[in-house]
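> sequence first, predicted model second:
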Amino acid sequence: MAVSSAGSERVADPIRGISLKIVSVMVFVCMQTSLKLGGEGIPAGELVFFRSFFALVPVLAYLWWLGDLRTALKTDDLVGHVWRGVIGVTSMSLGFFALTRLAYPEWISISYASPLLTVVFAALFLKEQVRLFRWIAVLVGLIGIVIVTAPTLTLFSEGMDRVQGIGILASLAAAAVAAVAMIQIRRLVRKEKTATIVVYFTLTSSALSLLTLPFGWVVPSPQQCAFLVFAGLCGGVGQLLLTACYRHADASTIAPFEYTSLLLAVAIGAFLFDEIVLPTTLLGGFVVVMAGIYIIFREHQLGIQRRKARRVSPPGG
């Protein structure tokens, strides 16, 4: 279905927005798994390039399908797109840097600070109404993350070295910058088309990552290339889905569903990397799922109430 204008593309539909978010999370988990499998010994800047450059393939294919390939770069907010690209590259670079220096459970647990920060930033900068139940659901989700990762965290163990400390700081910074990126996407979708936002992001991040070329890129093996190219393709698809989801629901509604990636990570860790699933992992995962289901239920109930209110509202009232 072609979309002729950005304004007509935005439709309030929280359930659709949440669904798109969950699918985007699944695709991004595939991307992260591919980076984990093929990224050993590859500098963070080079990983960002593979993630960004090959993301153009699904993005351009989507534009061709829409019939908007010729107008892909038509925009009324070039500065906003460049700013979104700079923010995204900064977050990815910090995240990849931290991933090479921290235990995986520790890295992913710290990265989950981003959805909570997104709720805070959405309330502060976008003036979105964040109801109490959303705050509670986000906090409950974070508690679930803590339950899952506490047995394997090394943050509070003795002997944390300088490299690990730098990794923790980088991961925290990546989470904060990622939250800012989500707010910038929310601003852009008010007047820009999904594909335009994504194509500018992939172009900007590809160009910026090339600036790291003089700092020690390496030649990956054929197997590494396959994993990294696949990661880029997943990144493009995931970015389209992620950007689209913000057209249908508030950032603060969508943010908690980032936690669904934890369940996928547990499954992939068990079956692909032979990681042991602890009872605390199952308990924490249950808490995260319940928090997400609660938000879906509440959004559904509020949608019913709004539709009823419109039906009984008198003309002109």
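Ah, there it is.
> what helix or strand is the closest residue to residue 92 other than its chain neighbours on?
Leaving aside its chain neighbours, residue 92 sits nearest to residue 48 (5.0 Å; criterion: Cβ to Cβ, 6 or more residues apart in numbering). All C-beta spots, glycine's among them, are computed from the backbone N, C-alpha and C. Element membership for residue 48, per DSSP states H and E: helix 44-53.
> buried residues in the helix or strand following that helix, which are they?
Next along the chain after helix 44-53, taking DSSP H and E as the criterion, comes helix 56-66. For helix 56-66, a neighbour-count test (16 or more other Cβ atoms under 10 Å) marks 56, 58, 59, 60, 62, 63, 66 as buried.
> chain center to stretch 14-31: distance?
Its chain's C-alpha centre and that of stretch 14-31 lie 9 Å apart, by Cα atoms, centre = their mean, to the nearest Å.
> name the surrounding residues that touch it.
Outside stretch 14-31, the residues that touch it by Cβ atoms under 8 Å, 6 or more residues apart in numbering are 51, 230-232, 234-235, 237-239, 241-242, 244-250, 253-254, 257-258, 260-261, 264-265, 268, 295-296, 299-300, 302-303.
> and residue 23, how close does it get to residue 120?
To residue 120, residue 23 is 25 Å away according to Cβ to Cβ, to the nearest Å.
> kindly report the same for residue 193.
28 Å.
> so what's residue 263 closest to, chain neighbours aside?
Using Cβ to Cβ, 6+ apart and skipping the chain neighbours, the partner closest in space to residue 263 is residue 285 (5.2 Å).
> surely that neighbour meets residue 262?
Yes. Applying Cβ atoms under 8 Å as the test, residue 285 and residue 262 come out as touching, 6.4 Å apart.
> which one's more surrounded, the two?
Shown here are residue 285 and residue 262; by other Cβ atoms under 10 Å, residue 262 has more neighbours (25 against 22).
> which helix or strand contains the more buried one?
Assigned by DSSP H and E, residue 262 belongs to helix 260-271.
> check residue 240 too.
helix 222-245.
> mean confidence (pLDDT) on that helix, please.
Taken as a whole, helix 222-245 carries a mean pLDDT of 91.
> tell me what angle it forms with helix 56-66.
Going by axes from the mean of the first three to the mean of the last three Cα atoms, to 10 degrees, helix 222-245 is angled at 40 degrees with respect to helix 56-66.
> which parts of helix 222-245 are buried?
Residues 224, 227-245 are the ones in helix 222-245 that count as buried (16+ other Cβ under 10 Å).
> what's the spacing between it and its chain's center?
In terms of Cα atoms, centre = their mean, the centre of helix 222-245 is set 12 Å apart from its chain centre.
> do stretch 28-41 as well
15 Å.
> dump that stretch to PDB, keeping only the CA atoms.
Extracted in PDB, the C-alpha atoms of stretch 28-41 (Å, rounded to 0.1, in the frame of the first residue of the first chain):
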ATOM      1  CA  PHE A  28      16.900  -7.100  16.000                       C
ATOM      2  CA  VAL A  29      17.700 -10.100  18.100                       C
ATOM      3  CA  CYS A  30      18.600 -12.000  14.900                       C
ATOM      4  CA  MET A  31      20.800  -9.100  14.100                       C
ATOM      5  CA  GLN A  32      22.500  -9.100  17.500                       C
ATOM      6  CA  THR A  33      23.000 -12.900  17.300                       C
ATOM      7  CA  SER A  34      24.600 -12.600  13.900                       C
ATOM      8  CA  LEU A  35      26.900  -9.900  15.200                       C
ATOM      9  CA  LYS A  36      27.800 -12.100  18.200                       C
ATOM     10  CA  LEU A  37      28.600 -15.000  15.900                       C
ATOM     11  CA  GLY A  38      30.600 -13.100  13.300                       C
ATOM     12  CA  GLY A  39      31.900 -10.000  15.200                       C
ATOM     13  CA  GLU A  40      34.700 -11.500  17.200                       C
ATOM     14  CA  GLY A  41      37.900  -9.400  16.600                       C
END
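> what secondary structure does the closest residue to residue 268 other than its chain neighbours sit in?
Leaving aside its chain neighbours, residue 268 sits nearest to residue 33 (5.6 Å; criterion: Cβ to Cβ, 6+ apart). With DSSP: H, G, I helix; E, B strand; the rest coil as the basis, residue 33 sits in helix.
> so how far is residue 265 from residue 33?
8 Å.
> what segments of this structure are helices?
Taking DSSP state H as the criterion, the chain carries its helices at 6-9, 14-38, 44-53, 56-66, 78-99, 104-111, 113-125, 132-149, 162-188, 194-210, 222-245, 251-254, 260-271, 279-312.
> of those helices, flag the one that's most buried.
For the helices of the chain, average neighbour numbers computed from mean count of other Cβ atoms under 10 Å are highest in helix 251-254, which has a mean of 26.
> that one - what's its average pLDDT?
Here the average pLDDT along helix 251-254 is 73.
> please apply the same query to stretch 18-37.
Averaging pLDDT along stretch 18-37 gives 89.
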